[in-house]
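K.L.:
just coords:
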């Protein structure tokens, strides 16, 4: 994880030891203690480092998503990013990046689907229609496409994924999860 994220989880005794990269020399004890959002989404810290994803880059940050909250619009943006702008999937990670998908329950929770994220290699984003997320009590999850059509999912193009999705075998790694309310 980058120094800013590390500093949100570990408070050094020596205030000179924050080593932040966001231009701030340090954060206060109050900010450190009060920082965490109550009931953050579930991030699977076992797999996240493998993909170079910053745990605190996920949006939405809260664990619970209101399915029928149309006052905030008909779509909900899901997004996350690498641990830092310098992360290189091949140099720092395990190879080319994987396609990331959002597993949703579908309208009224009756037709699950996997919606692929757009990416620039550093950021992933997806505007999902609220009505496609599922129903209260279900979960929405981010997965990496670990294998696809009998090959590694690393380096799989979005076009190839869309073309073959549903017709070939695929394997996934869990990345993060929200609960629908």
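P.N.:
Arrived safely, thanks for sending. Predicted model, so just to flag it, every value in this text is computed and none were measured.

K.L.:
flag every buried residue along stretch 81-97.
P.N.:
For stretch 81-97, the neighbour count (16 or more other CB atoms under 10 Å) marks 81, 82, 83, 84, 87, 89, 93, 97 as buried. In this view, the C-beta of every residue, glycine as well, is placed from N, C-alpha and C.

K.L.:
what's the distance between it and the middle of its chain?
P.N.:
Distance, stretch centre to chain centre, for stretch 81-97: 14 Å (CA atoms, centre = their mean, to the nearest Å).

K.L.:
cool, stretch 137-153 as well?
P.N.:
So, by CA atoms, centre = their mean, the centroid of stretch 137-153 is 12 Å from its chain's centroid.

K.L.:
touching it from outside, list them.
P.N.:
Stretch 137-153 has contacts (CB atoms under 8 Å, 6 or more residues apart in numbering) with 47, 51, 65, 78, 80, 95, 98-105, 109, 114, 117, 133-134, 156, 160-161, 164, 168-180.

K.L.:
of these, which belong to strands?
P.N.:
Among the contacts of stretch 137-153, DSSP state E puts 65, 78, 80, 100-104, 114, 170-180 in strands.

K.L.:
just the buried members of those residues?
P.N.:
Buried among the ones in strands among the contacts of stretch 137-153 by 16+ other CB under 10 Å: 65, 78, 80, 100-104, 114, 170, 172-180.

K.L.:
need the helices for the protein, in chain order.
P.N.:
3-9, 29-34, 48-51, 89-92, 158-164 (DSSP state H).

K.L.:
looking at those helices, which has the lowest confidence?
P.N.:
When these are ranked by mean pLDDT, helix 29-34 comes last with a mean of 62.

K.L.:
show the model's pLDDT score for the spatially closest residue to residue 129 that is not a sequence neighbour.
P.N.:
Excluding its sequence neighbours, the residue lying closest to residue 129 (CB to CB, 6 or more residues apart in numbering) is residue 75, at 5.5 Å. The score at residue 75 is 94. That number is its pLDDT.
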